[in-house]
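*Asks:* I would like to see how this sequence folds:
(one chain, ligands or ions: 2)
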Amino acid sequence: MTTSTPSTAGSPADRPAGGSAVPRTLLLLGASGDLAARLLLPGLGRLVASGALPNLRLIGSGTHAWDDGQWRRRVADSFATAGADGPRETEVVRSARYLPADVTAEEDLRRLLAACHGQTVIFFALPPAITARAADALARIGLPPGTRLMLEKPFGTDLASARSLNDILTRLVPEEQVHRIDHFLGKSTVVNIIGLRFANRIFEPVLNSEHVACVDIVFDESLGLEGRAGYYDSAGALVDMVQSHLLQVLALMAMDAPPTLDARDLRGRKAQVLRATRLWDGDPVRWSRRARYTAGEVDGRRLLGYADEAGIDATRGTETLAELVLAVDTWRWAGVPFRLRSGKALAGRRKEAVITFRQPPRVPTGLTGYEQPDRLRIGFGPDRLGLDVNINGPGNPLELDQVHLVADFGPGELPPYGEVLRGAFDGDPTLSVRGDTAEDCWRIVEPVLDAWRAGKVPLQEYPAGSQGLNESLLAPAPGGVI
Ligand SMILES: NC(=O)C1=CN([C@@H]2O[C@H](COP(=O)(O)OP(=O)(O)OC[C@H]3O[C@@H](n4cnc5c(N)ncnc54)[C@H](OP(=O)(O)O)[C@@H]3O)[C@@H](O)[C@H]2O)C=CC1
Ligand SMILES: O=C1O[C@H](COP(=O)(O)O)[C@@H](O)[C@H](O)[C@H]1O
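*Replies:* Ligands and ions are numbered 1, 2, ... in the order given. As a prediction, the model looks like this:
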């Protein structure tokens, strides 16, 4: 996202008198993981291709006993998936190094830090419990001044651990050097929602409890576990997707207009709305659901049942689909349910936020056929605006029909990880999650996690490749509002 903060990465001010750019290092912890290969390195490749990171040294680290050659091939392959194979990217691949390390061990961390030069950014692409232990070890040995930290979601493993991680980080570097990453904030969705809501007078006046019946934020994926047992089995869909990404989308959908798009204003607005968010009726048993997939076929691929995947401890009862209903206790949204749902191994790839409007106060007698409420849809892939609206039908004008108006949003300049990496190298935290907000997101979901752990909400099942659970928690909606 381009913010009002000017970019300095690769700018003339960044170059010493001789003309060559200052050295910078990206130290990638968790280099052998799924995130690194599938999303992070392709995003980095595109950022490098844009010319924003001259003189970059990429150091990968993980417990795998790879050598530099294996790492370079991994980087080149990932860059290639994003079409990043020009001379700048080739130079980064050529100079890339791989250092095997246990990032929870002080000695290993010292060795990694000694290999970094210039402006250093450390990316923790690790399971959250390992990130906490690595941060703790770093706090004991200290960091070179100016080091910036990028920490993946989930931030901690619960509210208490998020607080303690924030405390450790405070001892490590100033808050403005901490980038809590939620790559959904690097999607063009952020600017799309802000532009749609605040750059015209059409929608914003009706986005409140007087006109809106409910809001759905849904992110259904066809992907299954994809070999990520080590991380996913201790996270599950609620922590992996809802506690982080979908709450960020909720904040953007429900916040008041920020005066500017700079970090202080935007993050302040989001923080305000999340502070006012809580579970509907405070009742996790009624307003949450969980399920996991059994064997099936998705997009022609045969998937094992989640519980039978390698590395999964079926007795943990980890869910691959989570759904819950939240209330946003503000003047604007009081009484409007926000339903959040995300699931894996599903047939339908529904990825959208949908605002469902109340019925008109009265449809004039003589007009017939009002069946569906009006809806505003914001798609997150494809990035698309949709408006389902009741108007006179094409035949008999007294018979109503719902038309579906669609407009495509522009694609972002960079993929999400390119955007969030740019933010960290620029020292611009606009797209990162503030420390207090990270804690609030845990506070919101914790009653649900507690109820699930106590076995108060049954773990249901759905076949991979199906639509998931039938119906929705909002059918009928709380208070019968739809
Ligand atoms: N995958 C995705 O689509 C996304 C993931 N994320 C986040 O990224 C993080 C990592 O997820 P993901 O990549 O999927 O998980 P993986 O399980 O695929 O990878 C975890 C990585 O952590 C490394 N690791 C674990 N323990 C240590 C240790 N003690 N010392 C050094 N390295 C260690 C592993 O190295 P080794 O294998 O060598 O042991 C591996 O490279 C999670 O927080 C997740 O939420 C965020 C957005 C998207
Ligand atoms: O953070 C995560 O996000 C991905 C989905 O993000 P996308 O940008 O690839 O659509 C999800 O698959 C993964 O489980 C989760 O950790």
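
*Asks:* how about the residues of the stretch 101-250 of the chain by ligand 2?
*Replies:* Taking C-beta under 6 Å from any ligand atom as the contact definition, the stretch 101-250 of the chain meets ligand 2 at 221, 223, 240. The way it works is simple: take the backbone N, C-alpha and C, and place the C-beta from them, glycine included.

*Asks:* OK, contacts around the nearest residue to the first one once chain neighbours are set aside?
*Replies:* Read that as residue 221. Spatial nearest neighbour of residue 221, chain neighbours left out: residue 344 (5.3 Å); criterion: C-beta to C-beta, 6 or more residues apart in numbering. Neighbouring residues of residue 344 by C-beta atoms under 8 Å, 6 or more residues apart in numbering: 221, 223, 224, 225, 237, 293, 320, 321.

*Asks:* in stretch 86-96, what counts as buried?
*Replies:* For stretch 86-96, the neighbour count (16 or more other C-beta atoms under 10 Å) marks 88, 89, 92, 93, 96 as buried.

*Asks:* ok, which residues in the stretch 101-250 of the chain are in contact with ligand 1?
*Replies:* Residues of the stretch 101-250 of the chain lying near ligand 1 (C-beta under 6 Å from any ligand atom): 101-104, 125-128, 130, 152-154, 183, 228, 230-231.

*Asks:* which of those count as buried?
*Replies:* Counted by 16+ other C-beta under 10 Å, those give 101-104, 125-128, 130, 152-154, 183, 228, 231 as buried.

*Asks:* now the strands for the stretch 51-200 of the chain?
*Replies:* 56-62, 97-100, 119-124, 148-152, 178-181 (DSSP state E, counting those that start in this stretch).

*Asks:* against residue 332, how distant is whichever residue of the chain sits closest to ligand 1?
*Replies:* Nearest residue of the chain to ligand 1 (C-beta to the nearest ligand atom) works out as residue 33 at 2.4 Å. Residue 33 is 40 Å from residue 332, where distance means C-beta to C-beta, to the nearest Å.

*Asks:* comparing these two, which shows the higher neighbour count?
*Replies:* A side-by-side neighbour count of residue 33 and residue 332, using other C-beta atoms under 10 Å, places residue 33 first with 21 against 16.

*Asks:* thought residue 155 was touching residue 432?
*Replies:* No. Contact between residue 155 and residue 432 fails when scored by C-beta atoms under 8 Å: they sit 10.3 Å apart.

*Asks:* comparing these two, which residue is more hemmed in?
*Replies:* Counted by other C-beta under 10 Å, residue 155 and residue 432 do not tie: residue 155 has more neighbours, with 27 against 24.

*Asks:* can you tell me the closest non-neighbouring residue to the more buried one?
*Replies:* residue 438 (4.2 Å).

*Asks:* helices along the chain, start to end?
*Replies:* Taking DSSP state H, the helices of the chain run over residues 34-35, 41-49, 68-81, 87-95, 106-114, 128-141, 159-172, 189-198, 229-232, 236-237, 247-254, 263-275, 416-426, 435-453.

*Asks:* chain neighbours aside, what residue packs nearest to residue 291?
*Replies:* residue 460 (3.9 Å).

*Asks:* so how far is residue 31 from residue 77?
*Replies:* 13 Å.

*Asks:* the two: which is more packed in?
*Replies:* Neighbour comparison, residue 77 and residue 31: the larger count goes to residue 31, with 29 against 13 (by other C-beta under 10 Å).

*Asks:* would you agree the more buried one is in contact with residue 72?
*Replies:* No. Checked against C-beta under 8 Å, the pair residue 31 and residue 72 is beyond contact range at 11.5 Å.

*Asks:* what residues go with each domain of the chain?
*Replies:* What automatic domain parsing lists as the domains of the chain is 12-152, 185-412+442-480.

*Asks:* got the ones you listed as CSV, with mean pLDDT columns?
*Replies:* Shown next, in CSV, are the domains of the chain (pLDDT from 0 to 100):
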stretch, mean pLDDT
domain 12-152, 93
domain 185-412+442-480, 94
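
*Asks:* relative to residue 422, which of those is closest?
*Replies:* domain 12-152 (5.7 Å; C-beta to C-beta).

*Asks:* now do that closest one: distance to the chain's middle.
*Replies:* Relative to its parent chain, domain 12-152 has a centroid offset of 21 Å by C-alpha atoms, centre = their mean, to the nearest Å.

*Asks:* picking that back up, can you name the two of the residues of the stretch 101-250 of the chain next to ligand 1 that are farthest apart?
*Replies:* So, these by C-beta to C-beta: farthest apart are 102 and 183, at 25.9 Å.

*Asks:* show me what the residue nearest to residue 394 when sequence neighbours are not counted bridges to in the sheet.
*Replies:* With C-beta to C-beta, 6+ apart as the criterion, residue 394 has its nearest non-adjacent residue at 6.8 Å, and that residue is residue 401. Counting by DSSP bridges, residue 401 is bridged to residue 391.

*Asks:* contacting residues around the residue lying closest to residue 163 once chain neighbours are set aside?
*Replies:* Once flanking residues are discounted, residue 163 sits nearest to residue 439: 5.9 Å by C-beta to C-beta, 6+ apart. Contacts for residue 439 (C-beta under 8 Å, 6+ apart) come out as 159, 162, 163, 166.

*Asks:* which one (most neighbours) among these?
*Replies:* Neighbour-wise, the contacts of residue 439 (other C-beta under 10 Å) top out at residue 162, 24 neighbours.

*Asks:* does it really touch residue 442, like I thought?
*Replies:* Yes. Taking contacts as C-beta under 8 Å, residue 162 lies within contact range of residue 442: 5.2 Å.

*Asks:* which neighbours do these two share?
*Replies:* By C-beta under 8 Å, 6+ apart, the residues touching both residue 162 and residue 442 are residue 156.

*Asks:* common neighbours of residue 31 and residue 72, please.
*Replies:* residue 98.

*Asks:* returning to that earlier point: in JSON lines, list the buried residues of stretch 86-96 along with distance to residue 260.
*Replies:* JSON lines is the format used below for the buried residues of stretch 86-96 (distance: C-beta to C-beta, whole Å):
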{"residue": "88", "distance to residue 260": "32"}
{"residue": "89", "distance to residue 260": "34"}
{"residue": "92", "distance to residue 260": "34"}
{"residue": "93", "distance to residue 260": "38"}
{"residue": "96", "distance to residue 260": "38"}
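
*Asks:* overlap of the contact sets of residue 155 and residue 432?
*Replies:* Residues touching both residue 155 and residue 432 (C-beta under 8 Å, 6+ apart) are residue 180.

*Asks:* hmm, back to that, now for the residue nearest to residue 291, how many residues are close by?
*Replies:* Neighbourhood size, residue 460 [other C-beta under 10 Å]: 14.

*Asks:* do the same with residue 365
*Replies:* Around residue 365 there are 6 other residues, counting by other C-beta under 10 Å.

*Asks:* next: residue 302.
*Replies:* With other C-beta under 10 Å as criterion, residue 302 counts 10.

*Asks:* I am finished for the moment; much appreciated.
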